[in-house]
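*Asks:* Sequence and predicted structure below; questions after.
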Amino acid sequence: MIKILLPLDGSEAALDAVRHALALVREGLQASFVLANVQAPTYFYEVVLAHDADLLERASREAGAHALAGGEALLDATGVGWEREVASGDPGHVLIDVVERYGCDAVIMGARGVGSVRSALFGSVSQWVLQHSPVPVTIVRRAEPESESEVEAEDE
């Protein structure tokens with residue numbers, strides 16, 4: 001059985017990666033999953049303004065749990081095993097650390113689809129992980145709607 005990291009940020013693109021992973025399981029892949037969310041680190045001025053570091057840490061954990069909820073629901077519905085990790089820091093570096101700590105054999109993650117110009121200017125987490133991961137990485141792009149009615153349904 002292989003262990004696959006599924007980084008989740010609460011977006012539909014991230015859930016597409018979970019759906020892709022579950023499609024592989026339906027085709028016979030024996031896998032368990034590590035769901036991970038990386039929150040921005042708390043900065044000193046945020047602690048000073050909030051006057052409560054524990055409050056900020058709790059809010060960060062809750063935001064991470066919220067980002068993982070959709071993926072957890074999809075996996076729970078299929079009975080596939082999973083673990084979770086909510087961390088803070090630089091997303092790319094933290095995700096590589098999670099791969100190593102959990103002994104993951106692969107990464108499946110969604111692409112945000114920000115476009116080549118923006119990606120060239122700012123980079124992307126998926127591209128960084130792709131370049132630095134010690135294990136294979138699959139980047140799942142958002143599926144394009146097939147008809148106008150699907151576009152309208154997505155806009156609602």
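*Replies:* Thanks, I have the structure now.
*Asks:* What is the burial count for residue 23?
*Replies:* Neighbourhood size, residue 23 [other Cβ atoms under 10 Å]: 10. Backbone N, C-alpha and C define where each C-beta goes, glycine included.
*Asks:* Now do the same for it: its pLDDT.
*Replies:* pLDDT for residue 23: 96.
*Asks:* Dump the helix or strand it falls within to PDB, keeping only the CA atoms.
*Replies:* Using DSSP states H and E, residue 23 sits within helix 12-26. Only the C-alpha atoms of helix 12-26 are listed here, as PDB (Å, rounded to 0.1, in the frame of the first residue of the first chain):
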ATOM      1  CA  GLU A  12     -12.200  23.200  -5.700                       C
ATOM      2  CA  ALA A  13      -8.900  22.700  -7.400                       C
ATOM      3  CA  ALA A  14      -7.600  20.900  -4.300                       C
ATOM      4  CA  LEU A  15     -10.800  18.800  -4.200                       C
ATOM      5  CA  ASP A  16     -10.300  17.800  -7.800                       C
ATOM      6  CA  ALA A  17      -7.000  16.300  -6.700                       C
ATOM      7  CA  VAL A  18      -8.800  14.300  -4.000                       C
ATOM      8  CA  ARG A  19     -11.300  13.100  -6.600                       C
ATOM      9  CA  HIS A  20      -8.500  12.100  -8.900                       C
ATOM     10  CA  ALA A  21      -6.800  10.100  -6.100                       C
ATOM     11  CA  LEU A  22     -10.100   8.400  -5.300                       C
ATOM     12  CA  ALA A  23     -10.500   7.500  -9.000                       C
ATOM     13  CA  LEU A  24      -7.200   5.700  -8.800                       C
ATOM     14  CA  VAL A  25      -8.400   3.800  -5.700                       C
ATOM     15  CA  ARG A  26     -11.500   2.800  -7.600                       C
END
